[in-house]
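> Turn this into a structure:
(one chain, ligands or ions: 2)
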Amino acid sequence: MTNSGGRSIPATTLGTVEPLILGLESTCDETGVALVRGTELLADVVASSMDEHARFGGIVPEVASRAHLEAVVPTIEEALRRADATLADVDGIAVASGPGLVGSLTVGVSAAKALSLALGKPLYGVNHVIGHAAVDELVHGEMPARTMALVVSGGHTSLLLVNDIATDVVELGHTLDDAAGEAFDKVGRLLGLPYPGGPHVDRLAREGDPGAIPFPRALTSAKAMQSHAYDFSFSGLKTAVARWLEAREEAGEEIPVADVAASFAAAVADVLVAKTIAACRAHDVDTLVIGGGFSANSQLRELATERCAQAGIDVRIPPIKYCTDNGAMIAALGSAAARRGVAPSGLGIGVDSSMPLSTITV
Ligand code: KG4
Ligand code: ZN
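Ligands and ions are numbered 1, 2, ... in the order given. Model (predicted):
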């Protein structure tokens, strides 16, 4: 590593403006490969095995691993083709080395190590969850020095204070049980909707009355705010929906499905947005990035946009295709790490299915 003009550039890339980073994502059911130079996205290709899991009502890890094995090489080739690049042009390889499914992670990390070894280029093992925030730099440019990030998906719900996306991220809080998307999927199942239920509940909710049923807002009491100000809990809310439905069914009453969906969605969005804005205020932050597959949720988007406007907070939500799992988020974080001169990972890195948010790069 050498320093030039305050910006560190890996020795292997001296002479180029910004390193060309190939990002590889394989933490769950998407095989994603992207090419990023600086904060410019040159190609982003995603192969998903979701259709193979739908009939099981959840991700089957072994099926996902096998699908990654089949998809990884063609997806790399397609990304290079779309970027009009060859492997020889690549200056560094970034891979999500956790958190995620062990078998799925292993396929991506093995492929990334093979590329790094064969090309003689640095390898960056990066945190998938932080990648969900980093991807916003490809859309809205580099983040201000202090940014709040809410990462919400089927597997994660975390509130992050981002002092520097590649070197200094502090987790302020997370869900104590279900992730927001997971809660939507479970309520989708209760309402008899197909898996994954999240988008279906969202659609139904748009037709219902969000004030019809006063579902609970967990961890928002004055007492809970003392110990869990920025933590979330959605499992009790899901149970409250189940109990409400059971009571109506036992009484033989018709279920107002859209009102149930709308009231549930309002409870999730309300807690997410209220705690996030409180965190922005407490930490004197005026930029908020929302990432992760659940940021597709229209109730969350609307409420965040409305309340952040009132609070003077600039909300940045990347387009949905960059919010679901993809290679661009990993390439974005790898690129940020390379630009700052973060030391690459050795070829000896493993996968970490429960990688903590204190790890940005390994
Ligand atoms: O980030 P993602 O693609 O995968 C994970 O890492 O989990 O997020 C998918 C999750 C699923 O739980 C899905 O049901 C939920 O996000 N989701 C939604 C919507 N779109 C996706 N939930 C509610 N409303 C949506 N529009
Ligand atoms: Zn994810």
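> tally of neighbours for the nearest residue to Asp91 once chain neighbours are set aside?
Of all residues not flanking Asp91 in the chain, Pro19 sits nearest, at 3.7 Å (C-beta to C-beta, 6 or more residues apart in numbering). For glycine as for every other residue, the C-beta is placed from the backbone atoms N, C-alpha and C. Residues within reach of Pro19, counting by other C-beta atoms under 10 Å, total 22.
> what do you get for Gln310?
Look at Gln310: counted by other C-beta under 10 Å, it has 8 neighbours.
> got the contact list for the helix or strand harbouring it?
Take DSSP states H and E as the rule and Gln310 turns out to sit in helix 298-311. With C-beta atoms under 8 Å, 6 or more residues apart in numbering as the test, helix 298-311 has contacts from 152, 180, 202, 205-206, 210, 262, 265-266, 268-270, 272-274, 276-277, 280-281, 288, 290, 294-295, 314-315, 317.
> Quick one: name whatever helix or strand follows it.
By DSSP H and E, the next helix or strand past helix 298-311 is strand 314-316.
> helices or strands next to the top helix by length along the chain in the packing?
Secondary structure assigned by DSSP state H gives helix 257-282 as the longest helix of the chain. Applying 3 or more C-beta pairs under 8 Å, 6 or more residues apart in numbering; DSSP states H and E, one finds that helix 257-282 contacts strand 147-152, strand 157-164, strand 168-174, helix 180-190, helix 198-205, helix 235-250, helix 298-311.
> for the first one, packing partners?
Yep, that's strand 147-152 we're talking about. helix 128-134, strand 157-164, helix 257-282, strand 287-291.
> what's in contact with it?
Contacts of strand 147-152 (C-beta under 8 Å, 6+ apart): 129-130, 132-133, 157-162, 165, 169, 179-181, 272, 276, 279-280, 283, 285, 287-295, 297, 300.
> Out of the helices and strands packed on helix 257-282, which one sits most buried?
The highest mean neighbour count among these, using mean count of other C-beta atoms under 10 Å, belongs to strand 147-152: a mean of 28.
> for it, the distance to its chain's centre please.
Distance of strand 147-152 from the chain centroid (C-alpha atoms, centre = their mean, to the nearest Å) equals 9 Å.
> Sheet partners, orientation included, of it?
strand 157-164 (antiparallel), strand 287-291 (parallel) (DSSP bridges).
> could you check the distance from the residue in the stretch 101-250 of the chain that ligand 2 sits nearest to over to Val73?
At 4.5 Å from ligand 2, Ser153 is the closest residue in the stretch 101-250 of the chain, using C-beta to the ion. From Ser153 over to Val73 the distance is 26 Å, taken as C-beta to C-beta, to the nearest Å.
> got it, and Thr359?
In terms of C-beta to C-beta, Thr359 sits 28 Å off from Val73.
> Which positions in the stretch 201-350 of the chain make contact with ligand 2?
Applying C-beta under 5 Å from the ion, one finds that the stretch 201-350 of the chain approaches ligand 2 through Asp325.
> one step back: can you tell me if the longest helix of the chain touches ligand 1.
No. Against ligand 1, helix 257-282 shows no contacts by C-beta under 6 Å from any ligand atom, the least distance being 7.6 Å.
> Now do the buried residues in that helix.
Using 16 or more other C-beta atoms under 10 Å as the test for burial, helix 257-282 gives 257-273, 275-280.
> if I look at Asp178, how far off is ligand 1?
According to C-beta to the nearest ligand atom, to the nearest Å, Asp178 and ligand 1 sit 10 Å apart.
> Give the burial count for that residue, as a bare number.
Applying other C-beta under 10 Å, we find 21 residues neighbouring Asp178.
> again, but for Gly348
For Gly348, the neighbour count with other C-beta under 10 Å is 6.
> That one belongs to a strand?
No. Secondary structure assignment (DSSP: H, G, I helix; E, B strand; the rest coil) places Gly348 in coil, not in a strand.
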